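Visitor: everything below, folded, please.
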Amino acid sequence: MASETKKRTPKHTPKKAADEGLTAEQQDVDIPKSIRVNRTFRTYRAGQYGHEDVGLSEEQVLAMYRSMLLQRRFEERAAQMYGKQKIGGFLHLYIGQEAVSTGAVNAIRIGRDSVITAYRDHGHALALGMSADECMAELFGRIDGCSRGKGGSMHFFSARHRFFGGHGIVGAHVPVGTGIAFAHKYQADDGVCLTFFGDGAVGQGAIHEASNLAALYELPVVFIIENNQYAMGTATTRAFAETMFIKHALSYHMEASLVNGMDVFAVSKAVQDHVAMARDFKPSLLEVRTYRYRGHSMSDPGKYRTKEELERKKHEDPILRLKMYILEHEMADLDALDAMDEDVKEEVRRSVEFAENSPFPPLESIYEDVYTQKDYPFLA
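Guide: Model prediction:
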């Protein structure tokens, strides 16, 4: 009886020595003469997409516009309340970046997919559908706040919306987002996790560790860098040797794209495409170029940028851009949009009243929501 000849993979294959996936035994001990990397990244530019390209009805476009207005007016009023010392601690405003939060959450299944971000979290919370009342009450440190008055500005949470914060330590939440993605895969619930962080966090080691694990375990996560050009007061060009952050994806064999974050449709299309990858267990990276019109926090005078730069960037305002799109496509007239703005302002005004009328958390609640075990010995 003839025996089959087993085909063996040669141990020394110079052509494949630099390829991923080879074991130590399969890799050539010799160094190839050269290694060439040829990679093209997709971009999503402003004006490239309209509402039909991202599957939106006119009613949905108007709802997105209202959401962006709500985020803007909410934070403008929050800044006023901070000045009146109604809000304590830190307050990091999202003004200018509303297209990122709004476009991104439009591309997921709210309440089934997960979202996690850093301390500039008000916009994400409101975009997900959390109420202005519960968000303002949290800023005021009141019991009716979304974190029962214990978190404040940097720690918004909502189990119902699967919003996992709101985190104050730069970059430290990114491994948590990776863990949430692991949970989605482990539970086989077809969920994905959008993990947002700022450009200043890119230099943190935890982000690179998390990216490596996400690629290694093929997790359903989209890492979204909200590159607003400044990490606190330092421009990205002064802090990073490589300012094209999408190139970092090369190290983890991830797909990556560059997005204009001042155009809500460009953001929505990009996140739709990358969420589809995540559902197929392909983690990816999105660098979203955006801009914040206020300082890093309320104590930041923003003297590191010129007035000319700020004025020039205001012409790219994502809310004004969407407003012009709505008017040009005759989805609503100027009077209707003005009426919507007044309605939003009234909603925010009422949220301040709600927050002021909400009581402070009672002292005995200090250890609540810390341990899941009700009779934990420390509490006894």
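
Visitor: ranges for the strands of the chain?
Guide: In the chain, the strands defined using DSSP state E lie at 42-44, 114-116, 193-198, 221-227, 230-231, 234-235, 255-260, 284-289.

Visitor: what residue lies at the spatial centre of this structure?
Guide: Centroid check for the chain by Cα atoms, centre = their mean gives residue 196 as the closest residue, at 2.9 Å.

Visitor: I figured that one hits residue 127, correct?
Guide: No - contact criterion Cβ atoms under 8 Å: residue 196 and residue 127 do not qualify, at 11.2 Å. For every residue, glycine as well, the C-beta is placed using N, CA and C.

Visitor: who touches both of the two?
Guide: Residues within reach of residue 196 and of residue 127 at once, by Cβ atoms under 8 Å, 6 or more residues apart in numbering, are residue 104.

Visitor: low-confidence ranges, the protein, go.
Guide: Applying pLDDT under 70 to the chain picks out residues 1-22, 24-28, 378-380.

Visitor: in it, which helix is the longest?
Guide: Longest helix in the chain by number of residues (criterion: DSSP state H): helix 58-83.

Visitor: so where do the helices sit in the protein?
Guide: 58-83, 98-105, 122-128, 132-139, 173-187, 205-216, 236-239, 264-279, 307-314, 318-328, 334-357.

Visitor: mind putting these in CSV, distance to residue 227 and mean neighbour count included?
Guide: CSV is the format used below for the helices of the chain (distance: least, Cβ to Cβ, whole Å; neighbours: other Cβ atoms under 10 Å):
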stretch, distance to residue 227, mean neighbour count
helix 58-83, 19, 20
helix 98-105, 10, 29
helix 122-128, 15, 27
helix 132-139, 25, 26
helix 173-187, 15, 20
helix 205-216, 13, 18
helix 236-239, 7, 13
helix 264-279, 13, 23
helix 307-314, 13, 11
helix 318-328, 15, 17
helix 334-357, 27, 15
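
Visitor: which residue, other than its chain neighbours, is closest to residue 191?
Guide: In space, and not counting its chain neighbours, residue 191 is closest to residue 184: 3.8 Å by Cβ to Cβ, 6 or more residues apart in numbering.

Visitor: hmm, I was thinking of residue 284
Guide: residue 255 (4.4 Å).

Visitor: equivalent analysis for residue 271, please.
Guide: In space, residue 271 is closest to residue 107, 3.8 Å off (Cβ to Cβ, 6+ apart).

Visitor: okay, now that neighbour: neighbour count?
Guide: Residues near residue 107, counting by other Cβ atoms under 10 Å, number 22.

Visitor: for it, what are its contacts?
Guide: By Cβ under 8 Å, 6+ apart, residue 107 lies in contact with 54, 268, 271, 272, 275.

Visitor: then residue 78?
Guide: Residues near residue 78 by Cβ under 8 Å, 6+ apart: 87, 91, 93, 122, 136, 139.

Visitor: turn those residues into a markdown table, including distance to residue 189.
Guide: Output for the contacts of residue 78, formatted as a markdown table (distance: Cβ to Cβ, whole Å):
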| residue | distance to residue 189 |
| --- | --- |
| 87 | 37 |
| 91 | 35 |
| 93 | 34 |
| 122 | 28 |
| 136 | 32 |
| 139 | 32 |
